[in-house]
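>>> Provide a 3D model corresponding to the input given below.
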Amino acid sequence: MRLLALLKRGEATGLRWLWVALLVGLLDHFSKQWIVQHFMLDEVRYCLPWLNWVHVQNPGAAFSLLANDPAWHWLLAAAAVLVCGVLLVNLARQSASQRSLNLAYTWVIGGALGNLSDRLQTGAVIDFIDLHLAGWHWPAFNVADSAICLGCAWLLWLSFQGAE
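Numbering: from 1, shown residues only. You can find the predicted model right below:
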């Protein structure tokens, strides 16, 4: 009976939107698996004049920061767990009707869990999207990175709009 009450309460909170985090995580996982199965490490394939598909591994944080120090591996993993925990608490405190805020939280959670999964399985995050223009390349990234950036940008935009 108590479990049923908790489940009903979850339907009324932002936790109702966790399926989005699962969807982001699955899309990230399967896109990385496809790259691993079809590309050699460090292989680059032309796609569009401004886009290549690549297979690189990033043991560090964004833009390969801290990649040369193995101690950061565990700190980055712990940070992902902490961020997900905080966002899950926030989701539990939000009304399910706060769609925009809840979706932004779930995009960040899904992305963080996607990269955390890589970090724990292989010690590095698999990146495969290479945007470039006139010989200048943005650091390679993946679906999880995109979800984290979009979710954070969305949260920032909402904070300027006065959303709770």
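>>> as a whole number, average confidence for stretch 32-45?
Averaged over stretch 32-45, pLDDT sits at 97.
>>> any buried residues in that stretch, and which?
Across stretch 32-45, burial judged by 16 or more other Cβ atoms under 10 Å covers 32, 35, 39. Just so you know, the C-beta spots here come from the backbone N, C-alpha and C atoms, and that holds for glycine as well.
>>> can you give me the pLDDT of residue 161?
pLDDT, residue 161: 87.
>>> need the three-state assignment for the closest residue to residue 13 other than its chain neighbours.
Leaving aside its sequence neighbours, residue 13 sits nearest to residue 92 (Cβ to Cβ, 6 or more residues apart in numbering; 5.3 Å). Secondary structure, DSSP: H, G, I helix; E, B strand; the rest coil: residue 92 is helix.
>>> state the number of residues packed around residue 92.
Neighbour count for residue 92, taken as other Cβ atoms under 10 Å: 12.
>>> how far off centre is stretch 23-42?
13 Å (Cα atoms, centre = their mean, to the nearest Å).
>>> same question, stretch 85-98
Using Cα atoms, centre = their mean, the offset of stretch 85-98 from its chain centre is 17 Å.
>>> buried ones in that stretch?
Buried, per 16+ other Cβ under 10 Å, within stretch 85-98: 87-88, 90-91, 94, 98.
>>> that stretch - what's its average pLDDT?
94.
>>> CA atoms only for that stretch, dumped as PDB, please.
Taking Å, rounded to 0.1, in the frame of the first residue of the first chain, the C-alpha atoms of stretch 85-98 are listed here in PDB:
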ATOM      1  CA  GLY A  85      21.200  13.100  -7.400                       C
ATOM      2  CA  VAL A  86      20.600  16.800  -7.000                       C
ATOM      3  CA  LEU A  87      18.500  16.900 -10.200                       C
ATOM      4  CA  LEU A  88      16.500  13.900  -9.100                       C
ATOM      5  CA  VAL A  89      15.700  15.600  -5.800                       C
ATOM      6  CA  ASN A  90      14.600  18.700  -7.800                       C
ATOM      7  CA  LEU A  91      12.400  16.600 -10.000                       C
ATOM      8  CA  ALA A  92      10.800  15.000  -7.000                       C
ATOM      9  CA  ARG A  93      10.000  18.500  -5.700                       C
ATOM     10  CA  GLN A  94       8.600  19.800  -8.900                       C
ATOM     11  CA  SER A  95       5.100  19.500 -10.100                       C
ATOM     12  CA  ALA A  96       4.700  17.200 -13.100                       C
ATOM     13  CA  SER A  97       3.000  20.200 -14.800                       C
ATOM     14  CA  GLN A  98       6.400  22.100 -14.900                       C
END
